[in-house]
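**Q** give me a 3D structure for the following:
(2 chains)
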Amino acid sequence: MTNQSSSPSVSARDFPNGGGAAALLAAGIGSFLVAIFAILGDQSASLKSLLSLYRPTGPLSGVTTCAIIGWLIAWLFLHRAWRERNLAMGRVSAVALALLLLGLLLTFPPIADLF
Amino acid sequence: MIHGMGFGALYLMACSGALVELYLHYRKPLGPETLVENERFLTVYLTVMAVLAWLTVLSGAYIIYPWYRAAPPAGTANLAAFPQRLLLSSPSTSGWHSIGMEWKEHVAWLAPISITMAAAVFARHGRNLRNQPQLRSAVLAFVWISLLAAGIAGFFGATINKHAPVEGGATIRLMQGATK
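**A** Residues are numbered from 1 along each chain as shown, chains lettered A, B, ... in the order given. Next up, the predicted model:
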């Protein structure tokens, strides 16, 4: 992979933060996906049935499985793209935290039911 | 019991410990030997927390929740063994399911995702996080939210169990072998 780092010379002080940034943003995406799939699962009977991967647990099994798969794919993809880069963490942290907070709020039933 | 008091409560206690330890680790100057020892300890601690968090949500979703949402046979009058239906049978308790359980069953998953990330970032960056204040603060914020998510799930789990105890139910058959 080509090193597209904005700070190519890596000293102990400038250890590339891309790997950490990838894990952080992917966690935000994963949390947000939990809420999105939960809302989707509530939208229609066919989606609910589609998400019922394990019948005794119902749609929760599909909601969480899909969110975890999405989180891991996002992590892998971002890690490969960013692992040797030094990124401006302010923006990445803000987006990751916003996604996490949205995940927290959108799982709250009175808010989720607005959609 | 194992899901709530074993994994869940232990995770909640460990979470507060991790927050203090992470805060102290980056606040005070440490000698090289202490630093290495402390980092090794924190990496193991956060990894164990991640395992605990996953065990909590997986046992909750695949062992406890099927008992909770089991449907009673038609004509069942006594709903004591069917917690979800028991809660929904009265307007005074239905909110425990429609708000409490429905929030709990989803928000709990934010905890293992967040703490797995924190463990991975700490294992990868360790002492270099000292030079990455924004990354460090964001990781700490995720650990705080993971504590909040686990707290919400724990609170509703314990309170719902007061109203409609989940005590197990019929055996859940995963596979059925052929009979000869």
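
**Q** so who does B:V143 touch?
**A** B:C15, B:A18, B:L19, B:L22, B:S114, B:I115, B:A118 (CB atoms under 8 Å, 6 or more residues apart in numbering or on different chains). In short, each C-beta sits where N, CA and C put it, glycine included.

**Q** secondary structure element for the fourth one?
**A** When secondary structure is defined by DSSP states H and E, B:L22 falls within helix B:9-27.

**Q** what's the answer for the fifth one, then?
**A** Here B:S114 sits within helix B:110-125, counting by DSSP H and E.

**Q** that helix vs helix B:9-27, what angle?
**A** 30 degrees (axes from the mean of the first three to the mean of the last three CA atoms, to 10 degrees).

**Q** now do helix B:110-125, average pLDDT.
**A** For helix B:110-125, the mean pLDDT works out to 94.

**Q** buried residues of the next helix or strand after it, list them for me.
**A** The first helix or strand that comes after helix B:110-125 along the chain, using DSSP H and E, is helix B:133-163. Applying a neighbour-count criterion of 16 or more other CB atoms under 10 Å in any protein chain shown, one finds B:134-136, B:138-143, B:145-150, B:152-154, B:156-157, B:160-161 buried in helix B:133-163.

**Q** now A:P56. Its backbone dihedrals?
**A** phi -60, psi -30 (degrees, to the nearest 10).

**Q** so where's chain B shaky on pLDDT?
**A** Within chain B, the segments meeting pLDDT under 70 span B:1, B:4, B:28-34, B:168-180.

**Q** residues from it in reach of chain A?
**A** B:57, B:61-62, B:65-66, B:69-70, B:98-99, B:102-103, B:105-107, B:109-110, B:113-114, B:116-117, B:120-121, B:124-125, B:128-129, B:131-132, B:134-135, B:137-139, B:141-142, B:145, B:148-149, B:172 (CB under 8 Å from any CB of the partner chain).

**Q** narrow those residues to just the buried residues.
**A** B:57, B:61-62, B:65-66, B:69-70, B:102-103, B:105-107, B:109-110, B:113-114, B:116-117, B:120-121, B:124-125, B:128-129, B:132, B:134-135, B:138-139, B:141-142, B:145, B:148-149.
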